[in-house]
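S.K.: Structure for this input, please:
(2 chains)
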Amino acid sequence: MRLEQHIEAMSSFAAGRAGAAALTPLMDSRAHPGQRAQVYRNSGILACVEALRSNNLRLAAVMGDAFFSALARAYADAEPPSTRSLVGYGVSLAHFIAAAESEHGLPWLADIARLDRGWLNAHLAPDADPLAPGALAEIDGSTLMVSTLTMHPSLNIIDIEWAVASLWTDLKSGELPNRQMHLACRSEHVLFWRPEGEVRMRVLHPGEHAFLSSAMSQSPLGDACEAALAAEPSIDLSHLIAGAVSSGLFITIAQQGGANHDTHSEAAGWL
Amino acid sequence: MQLPPSPPSTAGLGLKPEHFAPALETEVEGLWFEVHPENYMVQGGPRLAWLTAIREKRQLSFHGVGASLGGLDPFDRQHTHDLRLLIERFDPFQVSEHATFSAHKTRYHADLLPLPRTQEALIHLADRVDAFQALIGRRILIENPTNYLPFACELDEPEFLVEVARRSGCGLLMDINNIWVSANNVGVDPYAYVRAIPGELVGEIHVAGHSQDPGLGAKFLIDSHDAPVSEGVWHLLAVALHAWGARPVLVERDGNIPPFDDLLAEFHHATRILTASQEAAHDAA
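M.R.: This is a model prediction of the structure:
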């Protein structure tokens, strides 16, 4: 048996594209390998299932072991890992769960996976020092409004269709939620970031969400403030900005000289 | 190639994220840790911070699982690039991999799949080990695989591994549990196997727990790393250390992770076996 044929047959079997009979020509005395061959299919799947479990702790907790393992096996079969490191494995798990809704009947389940991914994104992101608390106070209002902020590299916003953020927060490994719990079909925008050692999360108000979404697209601070006001007219902009800075959401501010001061005078007046 | 730190002739433990805090706090002497570098191929965050803190106190060994040394695909350049960076950052005393393949035609199997022990595979694996060592700038050790099926082969496993090491310049990581499980599954003599491996090629030793196949029972053992090291494996370790001399001995545990103190108890057991082998060698000299 040539090496290439051996590798081709083993790979086909491990990937589930061929049955154990495909290994027969590889065996000593060409005997059918029987049930023992399954170890070469199960081990890889198990590695994927365990990676998915550690990347989706709250999804695994809410689903329970048997249900989660069955889902993870199906996913690993459909979407095998594309990199040699499994630390980020399962990028499309939420999509996979949503596509299988007719089978499990839980329309909110994919949102739990989306929140787990938001946590993981922040957990694995590069380290960076947040902007010092007083950094913006040194800049005059009109200059500030045309400045752009760079977000902490761990910052990501997860949009969900069901209001499951508080359920996600409450879920601890092995602790199943109250089965009578009412879940509302109401969208939420959830912020994940890691200003220092550990990942933090919170549900964003409409004004905060508009502000951060604008700032994330490299818009000047004035535009971000106007987006916040449009989404939530009663918002306290100075409180919003001070809170964002003290939470460590930004790492740098780039000042750009005054071409558009007037455009942003209305927002500047709020500071 | 840069010179790595000299290997400790003591026991080590596989480092699990569950144990970061007690692993950093423990003051036990001689303990080193081993990690799968693939689990640290991240841009930042707590796991790199923990490993950095632990490295300041302890020696580290890298045991890779993603290289696919025996495969036919080109090496994954992202993987070798990331591995190089981690080696530069953490300066492990040892870098090891497996005498198996885990990817084919871009499909990554996340498993250690066996090669046939033929002359063709031997030459291929030795060339690949040589190329891999050049890519990462370090001599590596290759680990003996677990045998589950009796593949048609031209060489026995010690002959195969020793010849790959001689051709490529790599060393061997001898997994005593793999020898034990293979002996059970495909019917080789584990003691004769140990005697056939020249000690000067052995750079590190692994011990781990195994389990019985749920369907086939004791006649088919799985290298599951989810249980304490068995009595038979501890005994074979003592025989191997007597034959090869003192080497770094790692206790691996990847499933059913117990409290850190339970793993420390196995570390102490490995240390006692190592000490006894060193005393016996000293007496003999």
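S.K.: which SS state does the residue in the stretch 51-200 of chain A positioned nearest to chain B fall under?
M.R.: Going by C-beta to the nearest C-beta, chain B is nearest to A:Arg84 of the stretch 51-200 of chain A, at 3.1 Å. (Glycine included, C-beta is placed from N, CA and C.) Classification of A:Arg84 using DSSP: H, G, I helix; E, B strand; the rest coil returns coil.
S.K.: The residue nearest to it when sequence neighbours are not counted and B:Pro22: what is the separation?
M.R.: For A:Arg84, ignoring the flanking residues on the chain, the nearest one in space by C-beta to C-beta, 6 or more residues apart in numbering or on different chains is B:Gly66 at 3.1 Å. Relative to B:Pro22, B:Gly66 is positioned 28 Å away (criterion: C-beta to C-beta, to the nearest Å).
S.K.: same deal with B:Leu250?
M.R.: Applying C-beta to C-beta, the value for B:Leu250 to B:Pro22 is 18 Å.
S.K.: now swap in A:Ala9 and tell me
M.R.: Using C-beta to C-beta, we find A:Ala9 at a distance of 45 Å from B:Pro22.
S.K.: swap in A:Glu79?
M.R.: From A:Glu79 across to B:Pro22, the span is 35 Å (C-beta to C-beta).
S.K.: same thing with A:Glu226?
M.R.: From A:Glu226 across to B:Pro22, the span is 51 Å (C-beta to C-beta).
S.K.: Check the secondary structure at the closest residue to A:Thr83 other than its chain neighbours for me.
M.R.: Nearest residue to A:Thr83, sequence neighbours excluded (C-beta to C-beta, 6+ apart): B:Gln78, at 6.7 Å. On the three-state scheme (three-state DSSP), B:Gln78 is labelled helix.
S.K.: my guess is B:Gln78 meets A:Arg84, correct?
M.R.: Yes: the pair B:Gln78 / A:Arg84 is scored as a contact, 7.5 Å apart, by C-beta atoms under 8 Å.
S.K.: These two - which one has more neighbours?
M.R.: A:Arg84 (24 against 13; other C-beta atoms under 10 Å in any protein chain shown).
S.K.: ranges for the strands of chain A?
M.R.: A:148-151, A:156-160, A:188-193, A:200-203, A:250-254 (DSSP state E).
S.K.: tell me the most buried of these?
M.R.: Of all those, strand A:188-193 has the most neighbours on average by mean count of other C-beta atoms under 10 Å in any protein chain shown, namely a mean of 21.
S.K.: between that one and strand A:156-160, how big is the angle?
M.R.: Between strand A:188-193 and strand A:156-160, the angle comes out at 160 degrees (axes from the mean of the first three to the mean of the last three C-alpha atoms, to 10 degrees).
S.K.: what about strand A:188-193 and chain B, any contact?
M.R.: No: Strand A:188-193 is not in contact with chain B by C-beta under 8 Å from any C-beta of the partner chain; minimum separation 11.8 Å.
S.K.: For that strand, which strands pair with it and how are they oriented?
M.R.: Strand A:188-193 has the following strand partners under DSSP bridges: strand A:156-160 (antiparallel), strand A:200-203 (antiparallel).
S.K.: In a markdown table, list the ones you listed along with mean pLDDT.
M.R.: Below are these laid out as a markdown table (pLDDT from 0 to 100):
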| stretch | mean pLDDT |
| --- | --- |
| strand A:156-160 | 98 |
| strand A:200-203 | 96 |
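S.K.: CA atoms of stretch B:75-90 as CSV?
M.R.: These are the backbone C-alpha positions of stretch B:75-90, laid out as CSV (Å, rounded to 0.1, in the frame of the first residue of the first chain):
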residue,chain,number,x,y,z
PHE,B,75,2.8,22.8,6.2
ASP,B,76,0.2,25.3,7.3
ARG,B,77,2.1,28.5,7.2
GLN,B,78,-0.1,30.3,9.7
HIS,B,79,0.5,27.4,12.2
THR,B,80,4.3,27.4,11.8
HIS,B,81,4.4,31.2,12.0
ASP,B,82,2.4,31.3,15.2
LEU,B,83,4.4,28.4,16.6
ARG,B,84,7.7,30.3,16.0
LEU,B,85,6.3,33.4,17.7
LEU,B,86,5.3,31.4,20.7
ILE,B,87,8.7,29.7,20.9
GLU,B,88,10.4,33.1,20.8
ARG,B,89,8.1,34.4,23.5
PHE,B,90,8.1,31.5,25.9
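S.K.: In it, which residues are buried?
M.R.: Within stretch B:75-90, the residues that count as buried by 16 or more other C-beta atoms under 10 Å in any protein chain shown are B:75-76, B:79-80, B:82-83, B:86-87, B:90.
S.K.: Among these, which one sits closest to chain A?
M.R.: Of the buried residues of stretch B:75-90, the one sitting nearest to chain A (C-beta to the nearest C-beta) turns out to be B:His79, at 4.2 Å.
S.K.: Find me the pLDDT at that closest one, would you?
M.R.: The model reports B:His79 with a pLDDT of 98.
S.K.: Would you map the helices across the stretch 101-250 of chain A?
M.R.: Counting by DSSP state H, counting those that start in this stretch, the stretch 101-250 of chain A has helices at residues A:101-104, A:109-124, A:141-145, A:165-170, A:206-216, A:221-231, A:237-246.
S.K.: Figure out how far the second one is from the centre of its chain.
M.R.: Translated: helix A:109-124. With C-alpha atoms, centre = their mean, to the nearest Å as the basis, helix A:109-124 stands 4 Å off its chain's centre.
S.K.: Summarise which helices and strands it is packed against.
M.R.: Using 3 or more C-beta pairs under 8 Å, 6 or more residues apart in numbering or on different chains; DSSP states H and E, the elements in contact with helix A:109-124 are helix A:39-55, helix A:57-63, helix A:93-99, strand A:156-160, helix A:165-170, strand A:188-193, strand A:200-203.
S.K.: and the ones you listed as TSV, adding distance to A:Ser238?
M.R.: Below are those laid out as TSV (distance: least, C-beta to C-beta, whole Å):
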stretch	distance to A:Ser238
helix A:39-55	39
helix A:57-63	35
helix A:93-99	36
strand A:156-160	22
helix A:165-170	26
strand A:188-193	20
strand A:200-203	19
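S.K.: Which one of those lies nearest to A:Glu232?
M.R.: Closest approach to A:Glu232 among the helices and strands packed on helix A:109-124 is made by strand A:188-193 (12.3 Å; C-beta to C-beta).
S.K.: Which positions in the stretch 51-200 of chain B make contact with chain A?
M.R.: Counting by C-beta under 8 Å from any C-beta, the residues of the stretch 51-200 of chain B near chain A are B:66-68, B:70-72, B:76, B:78-79, B:82, B:101, B:103-105, B:107-116, B:118, B:120-121, B:124, B:148-153, B:185.
S.K.: now, which of the residues you listed lie within helices?
M.R.: Judged by DSSP state H, these include B:78-79, B:82, B:120-121, B:124, B:185 as members of helices.
S.K.: For B:Gly209, give me phi and psi.
M.R.: When read as degrees, to the nearest 10, the backbone of B:Gly209 gives phi -100, psi 150.
S.K.: ok, now which ones touch it?
M.R.: Residues in contact with B:Gly209 (C-beta atoms under 8 Å, 6 or more residues apart in numbering or on different chains) are B:177, B:224-230, B:233, B:253.
S.K.: Repeat that for B:Arg89.
M.R.: Listed by C-beta under 8 Å, 6+ apart, the contact set of B:Arg89 reads B:Thr52.
S.K.: That one: which element?
M.R.: B:Arg89 is part of helix B:77-90, with elements assigned from DSSP states H and E.
S.K.: State the paired neighbours of the very next helix or strand once past that helix in the sheet, together with their directions.
M.R.: With elements assigned by DSSP H and E, the helix or strand that comes after helix B:77-90 is strand B:94-98. The pairing partners recorded for strand B:94-98 under DSSP bridges are strand B:60-63 (parallel), strand B:141-143 (parallel).
S.K.: Fine by me, we can end here.
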